Every structure is written in C-alpha cells, then in structure tokens.
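A.B. asks: pasted the sequence and its predicted model underneath.
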Amino acid sequence: MVVVGGFWGDEGKGKIISYLALKDRIDLAARGGVGPNAGHTVCYQGKSFKLRMLPTTFLYEKCRLRLGAGVLVNPKILLDEMRLTNSEGRVGLDPNCAIIEDKHIEADKGSEHLSKKIGTTGTGTGPCNVDRVQRIAKTAKDIPALSRLLVDVSAEVNGAIDGGQNVLLEGTQGTFLSLYHGSYPYCTSKDVTASAICSDVGVGPRKIDEVLVVFKAYVTRVGGGLLPNELPEEEAKRRGWAEIATVTGRARRAAPFNFDLARKAVELNSASQVAVTKLDVVYPECIGVRDYSQLSKEAQRFIERIEATVKIPVTLIGTGPEVDDAIDMRKKSH
Ligand code: IMP
Ligand code: MG
C-alpha cells in the first residue's frame, strides 16, 4: 500500500499510518517524499511524537523502518529520532539518499524567493535537491555516522513484497505541493504523488495493491499560494481549524473541505481508498466514535458526499488525536 496526502500536506497521514501499522502489523515501511520538511505527528497513549525522517509506523515494534533512495536525509534529525523512538536496530536507509548540509539550510532560509515568496519550511530540501540535480550532493554512503544503517532499500522492499509481507510506502507533503502537479511555483521541490513515492523507494507500479489518499475534513496550507475559499484567520480560529505547523511553528491557513480538489487528487494518485481525518474537529459530536453507525447524520452525509464525488470508498475515518480514535470500514461497508 502507498499512503499519500490529498491536499497541501498536514492531512493527518501520521495518525492514519500509525493506526495501520498496529492494526495490520506492517512488516516493513519505507518512506518516500522530499525529506525533513515533513512533520508527521503521532499521539499514542498520551504521548506525542513528531517525526520528520522516520516512517510513522514505528509504534509497531516489529516493523522495519526504511528510507528510500529518493529521500533527502538530515543525519542529525534522523539520529535524534532513532533515539527518541528507541528504534536503533530496525532502521535502514539507502546508500543513495542525498544528504542535507548546513549550507543547504542557509541557502533555503537566506533566499528571499524561497523563504519569503514561496514560504518554504527552511529545512534545506530545495537547495539540496538542486545539488542533487547538479550531481554534487553528498549521499548517505559518504557519511561515516550513517554507515551502520545502510541497506539496499529497493531490494529489501521488493523482496518483502514478493515474499508476501505487509509493506507500506509512506508519502509526505501533499498532492498539490507536487512540483509537477501542484500549485507551481508554490510547491515543494519534487513530485510527491503516489508514483513518485514508489519511485523514491524503487518499486514499480505493478507491485502496488492499494493507494490510500488521506484528506483532512477541512483544508489547510502553510506558506504562499492559492487556497480556494480561504477563511479569515478569526473564522478559522473560531472553528478550531487554525493549526500550528509541526516543523515551522507557523500558523496554517484554513478553508472548508474542497470536493473538486479531492476528485483531482484521487485521479493524480490513482487512489483506491480514502481516509478522512479530524472529522471530530468539524463535527465535535463525533469525537472518539469508533463505529460508523454512531456518527451524527450530518457527519455521515459528509462522508457519503465525499464517496459520491471521488467514486472510491472512504475506508478509514479519524475521530480524535489518539491512534485508536478511528473508524475502520475496510471489512464491512455501510
Ligand atoms: P519546502 O518543501 O520546504 O521547499 O517548502 C515549499 C512549500 O511546501 C511551502 O509552502 C511549505 O510550507 C510546503 N511544505 C513542504 N513540506 C510540507 C509538509 O510536510 N506539510 C505542509 N507543507 C509543506
Ligand atoms: Mg505535517
């Protein structure tokens, strides 16, 4: 399965992926996507983890955690996260991952165009991808501190799929941040749709069974660029939609759920299933609900309208911050 974001990132992929990891006992997860510009939050048993490099499947202790060759690695962030999650021994990264250095972070933060106009996360990912395209970036095999972690990730992932193991490819950012299909120039520094996530890890399209696209029950974005039907800040606050960004601490801009964008995201990713997160933020009476029949009629109508629009099933619904606050409809249909 490939999991991707359907809007501009921050859809709640971390929550959905950690639910899947525990519920489906994911044997191996490999992250694709850009790099530590991502921020995936996991809340479990009262503890909250904010991950920028490791797959958010770490909660399931038997899951092997991998970073695909396409991902940019900041060694310090990666090693810190391994300590935080106590995951040494089950982490591996591809020798071809490119390395973010201080000069990339300085170039990102110091560029008027990137930091002010585009509103990047300032994590150095864009300038590092520039060096990669120039073929001058360092790669993981050049870094002694990472040598113990190097594995051929594509070989391992393909082998695991062929052996019938449960494999998840974790996307980052969101469909409309794609360099190719997103709101250019207000986007990230590479494609982040499902095909790109597969390519980052080194898996071809014939090996993918399911593509899960994650939508939040409302839309947010950080940084510049168009946000259709954007709410004034006061209104976003009143509705409880004014989030703070995981990586940058900036206020996220907010808008109501966008059905047209959802339809387009399903198309761009060839999605086969939808997850809807934070339903409880839009419909507070739904907080903590774990059975579809217990949702309010209004919330059910919202879910049904999504399904009617995108023409694939909503299989998972998030109803609270904890990993287990979820409705799983993969077996029974409503
Ligand atoms: P960059 O990826 O840091 O170059 O930033 C480019 C644009 O993508 C900016 O608008 C960022 O706010 C946005 N962006 C990048 N990664 C994420 C993410 O994981 N979540 C939300 N927005 C992101
Ligand atoms: Mg995020």
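C.D. replies: Right, received. Where do you want to start? Numbering: from 1, shown residues only. Ligands and ions are numbered 1, 2, ... in the order given.
A.B. asks: quick one: mean pLDDT over stretch 193-212.
C.D. replies: Stretch 193-212 shows a mean pLDDT of 98.
A.B. asks: which other residues reach that stretch?
C.D. replies: Contact with stretch 193-212 is made by 1-4, 16, 30-33, 66, 68-71, 94, 153-154, 157-158, 161, 169-171, 175, 178, 180-181, 190, 213, 268-275, 315-316, as judged by C-beta atoms under 8 Å, 6 or more residues apart in numbering. Quick note: C-beta positions are derived from backbone N, CA and C, even for glycine.
A.B. asks: Ala275 - that's part of a strand, no?
C.D. replies: Yes - when DSSP: H, G, I helix; E, B strand; the rest coil is applied, Ala275 is found to be in a strand.
A.B. asks: pretty sure Cys43 sits in a strand.
C.D. replies: Yes - the assignment for Cys43 by three-state DSSP puts it in a strand.
A.B. asks: which residue packs closest to it, ignoring adjacent ones?
C.D. replies: Leaving aside its sequence neighbours, Cys43 sits nearest to Pro321 (C-beta to C-beta, 6 or more residues apart in numbering; 4.5 Å).
A.B. asks: strands along the stretch 201-334 of the chain, start to end?
C.D. replies: In the stretch 201-334 of the chain, the strands defined using DSSP state E, counting those that start in this stretch lie at 211-216, 218-221, 253-256, 273-277, 314-318, 326-328.
A.B. asks: any chance of JSON lines for those strands, columns mean neighbour count?
C.D. replies: As requested, the strands of the stretch 201-334 of the chain are arranged in JSON lines below (neighbours: other C-beta atoms under 10 Å):
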{"stretch": "strand 211-216", "mean neighbour count": "28"}
{"stretch": "strand 218-221", "mean neighbour count": "24"}
{"stretch": "strand 253-256", "mean neighbour count": "20"}
{"stretch": "strand 273-277", "mean neighbour count": "25"}
{"stretch": "strand 314-318", "mean neighbour count": "23"}
{"stretch": "strand 326-328", "mean neighbour count": "21"}
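A.B. asks: re earlier: how many neighbours does the residue nearest to Cys43 have?
C.D. replies: Counted with other C-beta atoms under 10 Å, the neighbours of Pro321 add up to 19.
A.B. asks: from Val203, how far off is it?
C.D. replies: As judged by C-beta to C-beta, to the nearest Å, Pro321 and Val203 stand 31 Å apart.
A.B. asks: would you mind checking the contacts of stretch 193-212 for buried ones?
C.D. replies: 1-4, 16, 30-33, 66, 68-71, 94, 153-154, 157-158, 161, 169-171, 175, 178, 181, 190, 213, 268-269, 271-275, 315-316 (16 or more other C-beta atoms under 10 Å).
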